[in-house]
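Q: Okay, sequence plus prediction incoming.
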Amino acid sequence: MTRLSAGRMALGLVWAATLLAGCASQPIRHKDPRDPWERMNRSIWGFDLAFVHEVALPVGHTYTRVTPHFAQVGIGNFFDNAQYPIVIVNDFLQAKLKTGLSDTGRFLMNSTVGIGGLLDPAVTVGLAKNDNDFGRTLGTWGIPPGPYLVLPFIGMSDVRDLIGRVPDGYLSPQNYIGNTWAYIGVYAVYLLDLDARTLIPQYNLLESQHPFDEYAFARNAYLQHREYEIHGGSQKSEEQQEEELEKSLED
């Protein structure tokens with residue numbers, strides 16, 4: 001399971017907000033053809049939102065409050081680096097040879113000089129951090145996204161991205177931990193880091209926009225952002241894509 005960068009997803013949400021602003025005062029009267037399972041998805045969305053309110057946000061805020069900042073940074077760097085083989089493999093599957101070589105160099109440098117990924121020396125030599133996954137690879141190969149889908153605890157997805165989680169899972173190192181308790185411990189810390197760095201910023205941004213229909217807002221943001229990742233910025237680094245999204249907001 002790959003991490004959706006909080007900064008990139010946040011920009012995607014703001015981008016969608018500008019497109020939805022004109023209809024924010026009107027109820028959605030027409031069924032979105034991208035979302036044929038809307039009734040089911042809305043039910044799961046409500047469950048996920050309740051879980052976020054009651055569990056994820058309090059736990060995430062407690063984690064950020066009691067964990068020193070340098071430790072949070074080190075933990076985040078470690079898990080980003082551990083998940084980086086997913087990025088590298090999908091770079092090459094998408095024929096991004098230059099990016100794949102750069103990401104391979106980044107992974108090797110951070111795994112050695114960066115003490116197993118706790119530090120990020122690669123950024124100081126100009127090796128930009130990228131994000132990639134097999135759902136994006138399928139999109140690059142021309143496979144359509146299929147119906148929009150909301151998953152329990154995981155959140156927004158589509159059928160293509162759901163299928164893409166399977167091969168990505170084989171590249172996630174925590175899935176090869178043989179000891180059950182060690183696996184649970186590592187995965188718990190991973191979820192805490194994901195909560196603090198991704199879920200909380202996304203949720204705060206969603207709340208700040210005060211959308212008329214939070215479900216439709218998030219759905220449009222997700223689908224548009226994924227479309228941009230696959231077709232709008234397929235040869236660009238994460239930082240370049242963020243800059244282009246920011247420029248589009250200014251325009």
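A: Nice, I can see it. Quick caveat: nothing in here was measured; it's all calculated off a predicted structure.

Q: so which strand or helix has I184?
A: Counting by DSSP states H and E, the element that carries I184 is helix 180-194.

Q: Tell me which other helices or strands that helix touches.
A: Counting contacts by 3 or more CB pairs under 8 Å, 6 or more residues apart in numbering; DSSP states H and E, helix 180-194 is packed against helix 57-66, helix 69-82. For glycine as for every other residue, the C-beta is placed from the backbone atoms N, C-alpha and C.

Q: Among those helices, which comes closest to Y148?
A: helix 57-66 (24.2 Å; CB to CB).

Q: chain center to the closest one: distance?
A: 20 Å (CA atoms, centre = their mean, to the nearest Å).

Q: Would you mind listing the outside residues contacting that helix?
A: 72, 192, 195-196, 199-200, 203 (CB atoms under 8 Å, 6 or more residues apart in numbering).

Q: which stretches of the stretch 1-150 of the chain have low pLDDT?
A: Of all residues in the stretch 1-150 of the chain, those with pLDDT under 70 make up the ranges 1-30.

Q: if we can go back for a sec, just the helices and strands packed on helix 180-194: most buried one?
A: helix 69-82 (a mean of 17; mean count of other CB atoms under 10 Å).

Q: what does that helix rub up against?
A: Taking CB under 8 Å, 6+ apart as the rule, helix 69-82 contacts 3, 63-64, 67, 107, 110-111, 114, 116-120, 129, 172-174, 189-190, 193-194, 196-197.

Q: run the last query once more with 7 Å
A: 3, 64, 107, 110-111, 116-120, 173, 189-190, 193, 196-197 (CB atoms under 7 Å, 6 or more residues apart in numbering).

Q: related to what we said a few turns ago, can I get the helices and strands packed on helix 180-194 in CSV including distance to Y228?
A: Putting the helices and strands packed on helix 180-194 into CSV (distance: least, CB to CB, whole Å) gives the following:
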stretch, distance to Y228
helix 57-66, 27
helix 69-82, 21
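
Q: wait, which of those is closest to L93?
A: helix 69-82 (19.6 Å).

Q: relative orientation of that closest one and helix 180-194 in degrees?
A: 110 degrees (axes from the mean of the first three to the mean of the last three CA atoms, to 10 degrees).

Q: Next, the buried residues of the following helix or strand past helix 69-82.
A: Next helix or strand after helix 69-82 toward the C-terminus (DSSP H and E): helix 84-93. For helix 84-93, a neighbour-count test (16 or more other CB atoms under 10 Å) marks 84-93 as buried.

Q: Tell me which other helices or strands helix 84-93 touches.
A: Helix 84-93 sits against helix 97-112, helix 134-140, with contacts defined as 3 or more CB pairs under 7 Å, 6 or more residues apart in numbering; DSSP states H and E.
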